[in-house]
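**Student:** sequence first, predicted coordinates after that:
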Amino acid sequence: MSNSNNSNGGHSEQESKDRLYKIRHSAAHIMAQAVLELYPDAKIAIGPPIENGFYYDFDLGKEDNGNGKPRTFTPEDMEKIEKRMRQIIAGKHPFDYRQLSADEARDLYKDQPYKLELIEGLAQGQVNEYGEEGDQGSGIGDQESLTDPRSLIPDPHSSTVISTYKHDTFEDLCRGPHVEHTGQVPADAFKLMSIAGAYWRGDEHNAMLQRIYGTAWQNKKDLNAHLQMLEEAKKRDHRKLGRELEIFTFDDEVGPGLPLWLPNGGVLIEELEKLAKETERKAGYDRVRTPHVSKEALFLRSGHLPYYAESMFPPMELEGVKYYIKPMNCPFHHKIFAAKPRSYRDMPLRLAEYGTCYRYEKSGELFGLMRVRSMQMNDAHIYCSEGQFEQEFMGVVGLYQEYFRIFGIDKYVMRLSTHHKSGLGKKYVDNERLWLKTEDMVRQAMRNGDVPYVEVADEAAFYGPKIDVQIWSVIGREFSLATNQVDFAVPERFDLTFTNNEGHGETPLCIHRAPLSTHERMVGFLLEHYAGNFPVWLSPEQVRVIPISDTHNEYAMQLTKRMQDLDIRAEADLESERMNAKIRQAQLMKVPYMLVVGDREMAEETVSLRKRDGTQQNGLPAGEFIAMAQERIATRSSEL
RNA sequence: GCCGACGUGGCUCAACGGUAGAGCAGAUCUUUCGUAAAGAUCAGGUUAUGGGUUCGAUUCCCAUCGUCGGCUCCA
């Protein structure tokens, strides 16, 4: 979502960014005032600026309709709030900063429990300043930290006292900065976008608050551009394109999160698999195959069950033994490693499988192809010695980079996810020494390979740190595409060993990796990435032959057959339709090449080539076109 | 799972207490046409499902299922 490049001539980019930050932050305060005026009993939580706008969280209590359910905002409320916000803006109330002690703050917010809780955190934060460092993730881009509610907690280094900003009747716990007065928030350049539920402090055990999202810009033009961009984004939403291009579908009787791949989707998957198999063969991987179910014992051994049971389909019991459908492939691969004694000469051992896994994702988490319950993973496990680790790990990073080059993916962030002390023994394997060691190995490898990354604490897998490649769906949702994980724990649980060159048993490290993600997420992502305009090699239908009238059908069929025999995915459109209509059909299906054939072409053994982008080349010898198409396909060219 | 909104033929949408209508897609017939839509006819819906209110429900209420926007979680 980061490519909304608005050019503000005259201002530096940084100035412009700062200004937007202040506008959005101030708009959040103004909205909170408006809400408090309309709902005097509302409890206010937090309201930070975020990418493209701002939000504020409220607790409206349970009064009203007497049904005991929390009171919620309605779309009509949004209009009222927006209207009141404009009035506050017109009032040009100055934003005044002041500092106060914790006790003064407690008194000021005595009726605001959420604020009181924040104040306690701040007060304690000061104590902490001398002890252990706070929870701040480092090095992540500002947009990231903007979306993190924790960033609202004032900077511990500057807050020996608590600060507030006040405008008109509203005073909020805040470290700023803000515009000078409310009039500097452009009244025609903001819009309240949606109402959503959100947990207090992002914790699902806490109360569910009402969040209002707004978008705010420097001027009306930018606002309109943003709204326009959202409209455009909807058009390339993979769910919409997936239906239009007949890639996949869902069926109520099959179940939520269980996609059915239509023939066109089948082609995409076959091509991706072909790519993966070729690449992995060259990189020294061995292909294996494993069952979809196993006894409970396997997942108990791997340690997944206690961490993962919630996300697994419930077990089925047969002859007194519980079986689970696999949510991941690793335990099976570990068993393949263990199938015979291993020597250092076998290492590294790279076991690859496009494994089909099932995860019982919570119903509200499902999202088109990006988050599903059945998935085929571009999985592999690399068993290696510590000395081989760096080369193997970076070999995988190299694979990503090669794939991203092929697909022209450049908008991604590599994210190193590390453990957090507080989760040891719960979320994470309880061995801090190995955590620190492996995390450092990954950092070292990334640095040596000169690969930029950001680091985030408390996001690791339970068995070790990982590098995820973060991407964004076209509507702005963030996902991990590829993943590359270090596992220092599970091989030991499986008693995996190899004999080293000194004749001693040694436990290997395991790298779990999925550079092409799952078919589901990859196809979902690629649909949006290409807006459905797949490169020729990936296109479900590569060539559509369009005879002008039925006297040309035979020539069209001959041509089509000739291409099909060469493994080009070609179809002839023999419908009783006008050529224009046939071209339109092919355009809508985003077929890269259309070959129009009529009397002239038939006589000369040529084709009239129309590419998807509208360019045209008449009188092209058929053989020449075929050679060109074959070359594009064979080299997986991105060129049309 | 949580908060909210929504759910009409394959798709996009209309009607909104009086018992469903259009365009596209589909089928048939006519048309044989030079770079994004030829014409006609036909077929297709127990208005997600199950209850309730009512003389009468697609329209109002409840539940279930599903989808969407978020939260939480994640490949």
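**Tutor:** Structure received.

**Student:** state the distance from A:Gln218 to RNA strand B.
**Tutor:** Note on A:Gln218: its distance to RNA strand B, by Cβ to the nearest atom of the strand, to the nearest Å, is 23 Å. Every residue, glycine included, has its C-beta placed from N, CA and C.

**Student:** kindly report the same for A:Glu171.
**Tutor:** 26 Å.

**Student:** what do you get for A:Leu300?
**Tutor:** Distance, A:Leu300 to RNA strand B, using Cβ to the nearest atom of the strand: 20 Å.

**Student:** can you tell me the SS state at A:Asp458?
**Tutor:** Here A:Asp458 is recorded as coil under DSSP: H, G, I helix; E, B strand; the rest coil.

**Student:** got a list of what it touches?
**Tutor:** A:417-420, A:422-423, A:427 (Cβ atoms under 8 Å, 6 or more residues apart in numbering).

**Student:** tell me the most packed of the residues you listed, by neighbour count.
**Tutor:** Neighbour count (other Cβ atoms under 10 Å) singles out A:His419 as the most crowded of the contacts of A:Asp458, with 25 neighbours.

**Student:** need the residues of the stretch 501-640 of chain A near RNA strand B, please.
**Tutor:** A:514, A:517-518, A:520-521, A:548-551, A:576-581, A:583-584, A:587-588, A:594, A:596-601, A:608, A:610, A:614, A:616, A:618 (Cβ under 7 Å from any atom of the strand).

**Student:** so which of these belong to strands?
**Tutor:** A:514, A:594, A:596-597, A:608, A:610, A:616, A:618 (DSSP state E).

**Student:** next, format those residues as JSON lines and append pLDDT and neighbour count.
**Tutor:** Formatted as JSON lines, these follow (pLDDT from 0 to 100; neighbours: other Cβ atoms under 10 Å):
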{"residue": "A:Ala514", "pLDDT": "96", "neighbour count": "25"}
{"residue": "A:Met594", "pLDDT": "97", "neighbour count": "23"}
{"residue": "A:Val596", "pLDDT": "97", "neighbour count": "23"}
{"residue": "A:Val597", "pLDDT": "97", "neighbour count": "23"}
{"residue": "A:Ser608", "pLDDT": "97", "neighbour count": "19"}
{"residue": "A:Arg610", "pLDDT": "97", "neighbour count": "21"}
{"residue": "A:Gln616", "pLDDT": "95", "neighbour count": "12"}
{"residue": "A:Asn618", "pLDDT": "96", "neighbour count": "12"}
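
**Student:** which of those sits closest to A:Pro94?
**Tutor:** Closest approach to A:Pro94 among these (Cβ to Cβ): A:Ala514, at 53.9 Å.

**Student:** hmm, A:Met377 and the closest one touching each other?
**Tutor:** Yes: taking Cβ atoms under 8 Å as the definition, A:Ala514 is a contact partner of A:Met377 at 5.4 Å.

**Student:** count of residues packed around the residue in the stretch 351-500 of chain A that RNA strand B sits nearest to?
**Tutor:** Here the stretch 351-500 of chain A gets closest to RNA strand B at one residue, A:Gly364, 2.1 Å apart by Cβ to the nearest atom of the strand. Around A:Gly364 there are 6 other residues, counting by other Cβ under 10 Å.

**Student:** isn't there a strand covering it?
**Tutor:** No: counting by three-state DSSP, A:Gly364 is not part of a strand but helix.

**Student:** pLDDT at it, what is it?
**Tutor:** A:Gly364 carries a pLDDT value of 91.

**Student:** for it, what are its contacts?
**Tutor:** Neighbours of A:Gly364 in contact, by Cβ under 8 Å, 6+ apart: none.

**Student:** show the subsequent helix or strand relative to the lowest-mean-pLDDT helix or strand in chain A.
**Tutor:** Least confident helix or strand of chain A, by mean pLDDT, DSSP states H and E, is helix A:142-147 with a mean of 35. Note on helix A:142-147: by DSSP states H and E, the next helix or strand toward the C-terminus is strand A:162-167.

**Student:** gap between A:Met557 and A:Val591?
**Tutor:** Applying Cβ to Cβ, to the nearest Å, the value for A:Met557 to A:Val591 is 17 Å.

**Student:** the more surrounded of those two?
**Tutor:** A:Val591 (26 against 14).

**Student:** tell me the contacts of that one?
**Tutor:** A:Val591 makes contacts with A:539, A:541-544, A:612, as judged by Cβ under 8 Å, 6+ apart.

**Student:** tell me which element it is part of?
**Tutor:** Using DSSP H and E, no helix or strand contains A:Val591.

**Student:** mind listing the helices for the stretch 251-400 of chain A?
**Tutor:** Along the stretch 251-400 of chain A, counting by DSSP state H, counting those that start in this stretch, helices occupy A:263-282, A:296-302, A:304-308, A:330-337, A:386-407.

**Student:** now do the second one: which elements does it pack against?
**Tutor:** What that stands for is helix A:296-302. helix A:304-308, strand A:321-325, helix A:330-337, helix A:490-493 (3 or more Cβ pairs under 8 Å, 6 or more residues apart in numbering; DSSP states H and E).

**Student:** who does the helix or strand following the last one touch, helix- and strand-wise?
**Tutor:** Right, helix A:490-493. Proceeding N to C from helix A:490-493, the next assigned helix or strand is strand A:498-499, under DSSP H and E. Counting contacts by 3+ Cβ pairs under 8 Å, 6+ apart, strand A:498-499 is packed against strand A:342-343, strand A:505-506.

**Student:** relative to RNA strand B, how far out is A:Val267?
**Tutor:** From A:Val267 to RNA strand B the distance is 20 Å (Cβ to the nearest atom of the strand).

**Student:** next: A:Ser12.
**Tutor:** 30 Å.

**Student:** next: A:Ala276.
**Tutor:** Separation of A:Ala276 from RNA strand B (Cβ to the nearest atom of the strand) stands at 14 Å.

**Student:** how many residues are close by that residue?
**Tutor:** The burial count for A:Ala276: 24, using other Cβ under 10 Å.

**Student:** also the one 3 residues further on?
**Tutor:** Residue neighbour count, defined by other Cβ under 10 Å, stands at 18 for A:Thr279.

**Student:** isn't it right up against A:Arg405?
**Tutor:** No: applying Cβ under 8 Å as the test, A:Thr279 and A:Arg405 come out as separate, 11.8 Å apart.

**Student:** do a quick rundown of the helices in the stretch 101-250 of chain A.
**Tutor:** A:102-108, A:113-128, A:142-147, A:220-235, A:238-244.

**Student:** please identify the most buried of the ones you listed.
**Tutor:** With neighbours taken as mean count of other Cβ atoms under 10 Å, those reach their highest mean count in helix A:238-244, at a mean of 19.

**Student:** that one packs against which elements?
**Tutor:** strand A:248-249, helix A:519-530.

**Student:** I am finished for the moment; much appreciated.
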